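[1] Quick one, fold the following:
(one chain, ligands or ions: 1)
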Amino acid sequence: VYWDSLDSSLVLLDQRHLPVKIEYIRCKSPADTADAIHKMIVRGAPAIGAAGAFGMVLGALKFNRNLNLDQFLMDLHNTKDTLDRARPTAVNLSWATNRMIQVAEFVAKATNSIDRVVDALLLESQALSDEDVDINKRLGKFGAELFPDTVEVLHHCNTGHLATVKYGTALGIIYSAAEMGKKIHVWVDETRPRLQGARLTAWELMQCGIPLHLIADSVAGHLMSKGKIDAIVFGADRVSRNGDVANKIGTYSICVLGKENSIPRYAAVPTSTIDLDTPNGDQIVIEERNSEEVTEIQGQRVAPENVPVYNPAFDVTPARYLTAIVTEEGVCYPPFEKSLAEAKQKAEVRMSELRAKRLNSYLK
Ligand code: MRU
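    Numbering: from 1, shown residues only. Below you'll find the predicted structure:
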């Protein structure tokens with residue numbers, strides 16, 4: 001996910017074709033960006049947050065400067081709605097677009113200038129992207145400390161360089177553990193229906209030189225029952241106030257099996273994924289995706305024509321199935337209602353001075 005300042009476009013590695021084809025696409029408008037998020041050209045909660053922020057910049061750049069500042073701000077709100085609708089479960093998307101709206105309103109009020117707001121939005125989207133890398137590295141270190149020196153880890157979906165701006169959340173923990181010299185081996189589940197594990201995580205880990213085995217999703221329980229897994233790690237798209245975790249479909253199953261087999265279960269999230277406004281997992285909207293994701297594998301039909309399909313992209317793991325939630329502010333343990341609120345507060349305190357400095361710099 002990066003911004004090309006030469007032609008003012010958002011450049012995305014097209015994750016639909018990995019690892020077979022390496023192709024980049026350019027988004028030149030908010031509609032292009034929303035489409036790329038919906039089609040999962042870019043995916044993973046933090047990565048779509050960053051893409052959403054740049055999508056807001058594209059909206060601001062496209063605005064007809066002959067119109068007034070109020071119309072500009074209204075247009076920006078419409079752009080936010082378009083982007084937020086592209087994928088409803090991951091809170092990072094609306095968190096990022098909301099942050100852009102706040103900056104726009106602050107600079108608009110202080111300067112009364114559309115040009116100044118546009119400049120500020122570009123700087124803010126870049127700051128948001130840079131912060132993501134720093135947050136993942138902090139989170140990774142906290143999580144890696146939970147692992148013994150030799151560890152067999154089960155990982156679900158893709159949470160690494162491809163799902164964030166860089167480095168990763170749950171995979172960030174794995175990268176950090178390897179950097180600390182821990183002997184780590186990863187069981188990568190394929191993550192049907194879209195195969196993020198097989199296509200993306202296996203590809204990333206191999207490039208990073210981390211030992212792994214790819215397994216079919218249904219192998220995870222067998223490995224657990226044989227004592228072959230020491231820890232389960234995964235990311236999240238939204239964590240509710242009580243610690244229920246919405247993540248890639250299949251997370252609930254591996255957590256229930258993990259608890260049954262007394263294996264620790266760690267969700268890894270930046271605090272931006274914690275949604276204190278959502279009391280529990282029942283309130284989280286679960287995105288349903290098209291039937292072809294299930295009836296076809298990489299464009300090849302594997303099920304009868306016209307078969308009825310149910311394809312939820314995420315599930316909710318109730319908080320009681322989690323051992324801990326790792327954030328960039330430290331490791332949160334039950335009761336999550338208290339520890340998650342504290343982590344959010346710590347992040348707010350840590351970031352507020354930097355935010356104030358940044359906002360002031362936009363007015364100079
Ligand atoms: O549908 P996807 O591929 O966007 O789902 C991604 C996940 O579920 C990840 O686990 C989550 O976004 C965390 S990524 C750091």
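[2] Smallest distance to the ligand belongs to which residue of the chain?
    Closest approach between the chain and the ligand, counting by CB to the nearest ligand atom: residue 235, at 2.7 Å. To be clear about C-beta, it is placed using only N, CA and C from the backbone, and glycine gets the same treatment.
[3] Quick check: closest non-adjacent residue to that residue.
    Spatially, and ignoring its direct neighbours in sequence, residue 235 is nearest to residue 159 (3.7 Å; CB to CB, 6 or more residues apart in numbering).
[4] wait, what's in contact with that neighbour?
    Applying CB atoms under 8 Å, 6 or more residues apart in numbering to residue 159 gives the contacts 44, 168-172, 201, 234-235, 268.
[5] quick revisit: contacts only, for the residue of the chain closest to the ligand.
    Residue 235 sits next to 44-45, 157, 159, 163, 169-170, 247-248, 267-269, 273 when contact means CB under 8 Å, 6+ apart.
[6] Could you report the separation of the spatially most central residue of the chain from residue 358?
    Centroid check for the chain by CA atoms, centre = their mean gives residue 45 as the closest residue, at 1.9 Å. Using CB to CB, to the nearest Å, one gets 23 Å for the distance from residue 45 to residue 358.
[7] List the contacts of the residue nearest to residue 65 when sequence neighbours are not counted.
    In this structure, residue 65 finds its nearest non-sequential neighbour in residue 114, 5.9 Å apart by CB to CB, 6+ apart. Residue 114 makes contact with 63, 65, 69, 72, 108, according to CB under 8 Å, 6+ apart.
[8] Residue 63 is in contact with the fourth one, correct?
    Yes - with contact defined as CB atoms under 8 Å, residue 72 counts as touching residue 63 (5.4 Å).
[9] Need phi/psi at the nearest residue to residue 98 once chain neighbours are set aside.
    Closest residue to residue 98 apart from its sequence neighbours, by CB to CB, 6+ apart: residue 80 at 7.2 Å. The phi/psi pair for residue 80 (degrees, to the nearest 10) reads phi -60, psi -50.
[10] Can you give me the neighbour number for residue 80?
    Neighbourhood size, residue 80 [other CB atoms under 10 Å]: 23.
[11] In terms of helices and strands, where is the residue of the chain most remote from its centre?
    Relative to the centre of the chain, and counting by CA atoms, centre = their mean, the farthest-placed residue is residue 66 at 36.9 Å. For residue 66, there is no host helix or strand (DSSP states H and E).
[12] Tell me who's in contact with it.
    Residues near residue 66 by CB under 8 Å, 6+ apart: none.
[13] mind checking how far it is from residue 158?
    With distances taken as CB to CB, residue 66 is found 44 Å from residue 158.
[14] between the contacts of residue 159, which is nearest residue 214?
    residue 201 (8.6 Å; CB to CB).
[15] secondary structure class for the closest residue to residue 228 other than its chain neighbours?
    Leaving out its chain neighbours, the residue that sits closest to residue 228 by CB to CB, 6+ apart is residue 152, at 5.9 Å. Under the three-state scheme (DSSP: H, G, I helix; E, B strand; the rest coil), residue 152 adopts strand.
[16] my guess is the residue nearest to the centre of the chain meets residue 92, correct?
    Yes - in this structure residue 45 lies within contact range of residue 92 using CB under 8 Å: 4.3 Å.
[17] intersection of neighbour lists for those two?
    Joint contacts of residue 45 and residue 92 (CB under 8 Å, 6+ apart) are 237, 273.
[18] Can you classify the residue lying closest to residue 291 once chain neighbours are set aside by secondary structure?
    Distance criterion CB to CB, 6+ apart; nearest residue to residue 291, sequence neighbours excluded, is residue 309 at 3.6 Å. Three-state assignment for residue 309 (three-state DSSP): coil.
[19] Enumerate every residue touching residue 309.
    Counting by CB under 8 Å, 6+ apart, residue 309 touches 291, 294-295, 303.
[20] Buried by neighbour count, from those residues: which ones?
    Burial by neighbour count, judged by 16 or more other CB atoms under 10 Å, picks out 291, 294-295 from those.
[21] Of those, which belong to helices?
    Taking DSSP state H, the ones among the buried ones among the contacts of residue 309 that sit in helices are 294-295.
[22] will you turn the buried ones among the contacts of residue 309 into a markdown table that also has distance to residue 122 and pLDDT?
    Shown next, in a markdown table, are the buried ones among the contacts of residue 309 (distance: CB to CB, whole Å; pLDDT from 0 to 100):
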| residue | distance to residue 122 | pLDDT |
| --- | --- | --- |
| 291 | 39 | 98 |
| 294 | 40 | 98 |
| 295 | 42 | 98 |
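[23] May I see the buried ones among the contacts of residue 309 organised as TSV, with distance to the ligand added?
    Below are the buried ones among the contacts of residue 309 laid out as TSV (distance: CB to the nearest ligand atom, whole Å):
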residue	distance to the ligand
291	16
294	14
295	18
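[24] quick one: which of the buried ones among the contacts of residue 309 is nearest residue 222?
    Minimum distance to residue 222 across the buried ones among the contacts of residue 309 is 23.1 Å, recorded for residue 294 (CB to CB).
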